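[1] Coordinates for the following, if possible.
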Amino acid sequence: MPVKVNHISVAALVDSGSSINIISKSFYDSLPDTCKTSICSVSEKIVLANNQSVNIVGKCTVKIQVPQGKHWIHTYILTQSSHPLILGTSYLISKKIVLDFSSLSVSHKTAKVKLQKHVTVDPNSELLIWGKVANFILQGQIGMCQNSSHLLKSGLLISKAVVTVNSLKTVPIKLLNPTNDQIFISRGDIIASFEPFTEDYMLINADEKGKHFVQNVQLDKRSHTSGEETESSFCQTLNCETFINR
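    All right, here's what the predicted structure looks like:
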């Protein structure tokens, strides 16, 4: 699996039988302090498939870059290792990295959606903008857009929605600012994650002739003035057409 550490490209070994990450001592020593932490001593031992135990120099955290993005990973340090870096299944699962063994490549399950220009979102308001998807996402591809951790830290939310990638490799994003302050986001910021639909999803077309229902809706039954308490009744099923046609 192709991995970059401090702009150094290495072929990391993916060990499907291991849940931990391993880095060789020589590779660790060659890295600058900006992309690694100091070595912490450990008392554990690694047991190999042949039941042989291996002493551990220590453990650390290393910053790596893969096609899915940049991540800090916890690794154990060994004096001798078959590869400079070995990645276990726990890391792959946590970052939703999919391996395609038929083509011996890394598949992308999700893609980042980036902002194309500087945007200021007013307090308690919504804004519809366009976000740019990665180049490996194809025009016409359908998928789900949802919140990114970067956007949540800024205080903004997005509306989870099914979208289609257009010819400009962009998708519509509906931003919501629930705070009482203006929030500024810069061009290039990650505003959402896009997950293409696969066979794991099932799309159901709406039946235009039949009735459509919304489950678990609270319906306010009368008008209210300022300062008046709200009375609401809980509806198990709401017939949408009754209210749409009013």
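[2] show me the contacts for the residue nearest in space to the middle of the chain.
    By C-alpha atoms, centre = their mean, the chain has its centre lying nearest to residue 193, at 5.5 Å. When contacts are counted by C-beta atoms under 8 Å, 6 or more residues apart in numbering, residue 193 touches 110, 111, 112, 113, 145, 146, 147, 148. The C-beta positions use only the backbone N, C-alpha and C, and glycine is treated the same way.
[3] Could you give me the ChimeraX syntax to select whichever of those are buried?
    Selection of the buried residues among those in ChimeraX, burial being defined by 16 or more other C-beta atoms under 10 Å:
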select :110,111,112,113,145,148
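[4] Among the contacts of residue 193, which ones are in strands?
    Counted as lying in strands by DSSP state E, out of the contacts of residue 193, are 111, 112, 113, 145, 146.
[5] Now do residue 26, the pLDDT please.
    With respect to pLDDT, residue 26 has a value of 90.
[6] what's the burial count for residue 123?
    11 (other C-beta atoms under 10 Å).
[7] State the phi and psi torsions of the closest residue to it other than its chain neighbours.
    Excluding the flanking residues, the one nearest residue 123 by C-beta to C-beta, 6 or more residues apart in numbering is residue 180, at 4.9 Å. Per-residue torsions, residue 180: phi -100, psi 10 (degrees, to the nearest 10).
[8] Look at residue 123 and report its pLDDT.
    91.
[9] Against residue 182, how distant is it?
    Using C-beta to C-beta, to the nearest Å, residue 123 is found at 6 Å from residue 182.
[10] which SS class is residue 27?
    helix (DSSP: H, G, I helix; E, B strand; the rest coil).
[11] Actually, residue 90.
    helix.
[12] which residues touch residue 124?
    Neighbours of residue 124 in contact, by C-beta under 8 Å, 6+ apart: 177, 178, 179, 180.
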